[in-house]
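Enquirer: based on what follows, work out the 3D shape:
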Amino acid sequence: MATISAIVITLNEEDRIGRCLKSLEGIAGEIVVVDSFSADSTAEICSDMGARVYTREFTGYRDQKEYATSLAVNDHIISIDADEEISPDLRRSLLMIINQDTLRDYYTMNRLNICCGKVVKHSGLYPDRKIRIFNRTNCRWGEYNVHERVIPGKGTSGEHLKGNLIHHAYNSFDDFDRKIRHYSVISAREYHYAGKRTGPLAPYLHMSWRFFRNYFLRRGMFAGRCGYRICSITAKGVYLKYKELRRLQKEQDRNGE
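Expert: Coordinates of the predicted model:
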């Protein structure tokens with residue numbers, strides 16, 4: 001039987017972390033939680049549920065997950081966010097693979113977003129396929145600190161699992177808008193630090209394309225007002241990202257850096 005370690009990063013998640021950790025029962029041999037000094041009872045709940053809890057100043061989603069991965073006992077890692085849980089179908093798939101003697105280098109799974117209490121399978125939010133189980137010896141965390149992802153090494157092999165990772169994305173559209181604005185600023189700074197530059201029309205062009213793709217090509221138009229709101233907010237987030245990148249770029253140019 002294969003054994004895997006679960007990693008979770010947290011910050012003020014007391015209202016949902018219990019649901020997340022409970023879904024890992026029977027799946028993970030251990031749970032490693034890296035908490036960014038939560039002001040609520042998140043750390044206590046995690047500890048009471050048997051997780052090993054560490055505290056670390058938040059320096060980015062990728063950085064936190066890299067650190068959590070380094071603390072795990074097992075080489076195979078399942079990464080899950082505090083607002084996610086394993087569905088019954090995905091649980092069955094996971095139980096099948098951990099009962100095998102060996103595991104693949106990585107496994108992908110679909111993420112099903114629940115927004116304002118409703119399942120969303122339009123507007124580019126599904127299937128939202130992710131690598132969430134990986135062997136840390138030949139896969140690594142990469143990309144930017146807000147859109148982190150697991151990058152498989154050369155010669156690795158993977159498999160797609162049946163079932164969904166359920167993501168309780170947001171409770172209201174105001175909550176969604178705040179999250180998108182937050183991620184937009186972080187993304188812009190990451191792009192800037194990476195040396196990426198943009199032109200004056202980029203915010204408008206990227207915003208227009210994102211709305212067109214999600215609303216028309218990815219069927220947001222068939223979801224009524226909900227689909228329109230989701231596509232509008234995500235498009236605005238892209239606009240804000242490139243607007244902030246443009247501002248940072250102009251500031252750098254003025255300073256002659």
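Enquirer: who touches G29 in this structure?
Expert: Counting by Cβ atoms under 8 Å, 6 or more residues apart in numbering, G29 touches T3, I4, S5, V73, N74. To be clear about C-beta, it is placed using only N, CA and C from the backbone, and glycine gets the same treatment.
Enquirer: per-residue confidence averaged over the strand ranked longest in the chain?
Expert: For the chain, the strand that runs over the most residues, judged by DSSP state E, is strand 158-170. Averaged over strand 158-170, pLDDT sits at 96.
Enquirer: one step back: check the contacts of G29 and tell me the two furthest apart.
Expert: Using Cβ to Cβ, the pair of the contacts of G29 lying farthest apart is I4 and V73, separated by 9.9 Å.
Enquirer: okay, the two: which has more neighbours?
Expert: Between I4 and V73, I4 has the larger neighbour count (other Cβ atoms under 10 Å), namely 24 against 11.
Enquirer: quick check: closest non-adjacent residue to the more buried one.
Expert: Leaving aside its chain neighbours, I4 sits nearest to H76 (4.3 Å; criterion: Cβ to Cβ, 6 or more residues apart in numbering).
Enquirer: I'd guessed the one you found sits against A6; true?
Expert: No - judged on Cβ atoms under 8 Å, H76 makes no contact with A6 at a distance of 10.2 Å.
Enquirer: what's the helix or strand for the nearest residue to S36 once chain neighbours are set aside?
Expert: Closest residue to S36 apart from its sequence neighbours, by Cβ to Cβ, 6+ apart: F58 at 3.9 Å. In this assignment (DSSP states H and E), F58 forms part of neither any helix nor any strand.
Enquirer: F58 is in contact with V34, isn't it?
Expert: No - taking contacts as Cβ under 8 Å, F58 lies outside contact range of V34: 9.2 Å.
Enquirer: distance of M1 from M109?
Expert: Distance check for M1 against M109: by Cβ to Cβ, to the nearest Å, it reads 20 Å.
Enquirer: and these two? Which one has more around it.
Expert: Legend: neighbour count by other Cβ under 10 Å for M1 and M109, higher for M109 (24 against 7).
Enquirer: just to revisit the earlier point, find residues that contact each of F58 and V34.
Expert: Common neighbours of F58 and V34, counting by Cβ under 8 Å, 6+ apart, are Q64.
Enquirer: of those two, who's got more company?
Expert: Neighbours were counted for F58 and for V34 using other Cβ under 10 Å; V34 has more, 24 against 14.
Enquirer: what is the more buried one paired to in the beta sheet?
Expert: With DSSP bridges as the criterion, V34 is bridged to I9, Y54.
Enquirer: check contacts around it.
Expert: Contacts for V34 (Cβ under 8 Å, 6+ apart) come out as I7, V8, I9, T10, Y54, T55, R56, Q64, K65, Y67, A68, L71.
Enquirer: pLDDT wise, what is it at?
Expert: pLDDT for V34: 98.
Enquirer: longest helix in this structure, by residue count?
Expert: Counting residues, the longest helix found in the chain (DSSP state H) is helix 224-255.
Enquirer: list the buried ones in it?
Expert: 226-227, 229-246, 248-249 (16 or more other Cβ atoms under 10 Å).
Enquirer: count of neighbours near the nearest residue to L245 once chain neighbours are set aside?
Expert: Computed as Cβ to Cβ, 6+ apart, the closest residue to L245 that is not its neighbour in sequence is A188, at 4.3 Å. A188 has 23 neighbours, counted by other Cβ under 10 Å.
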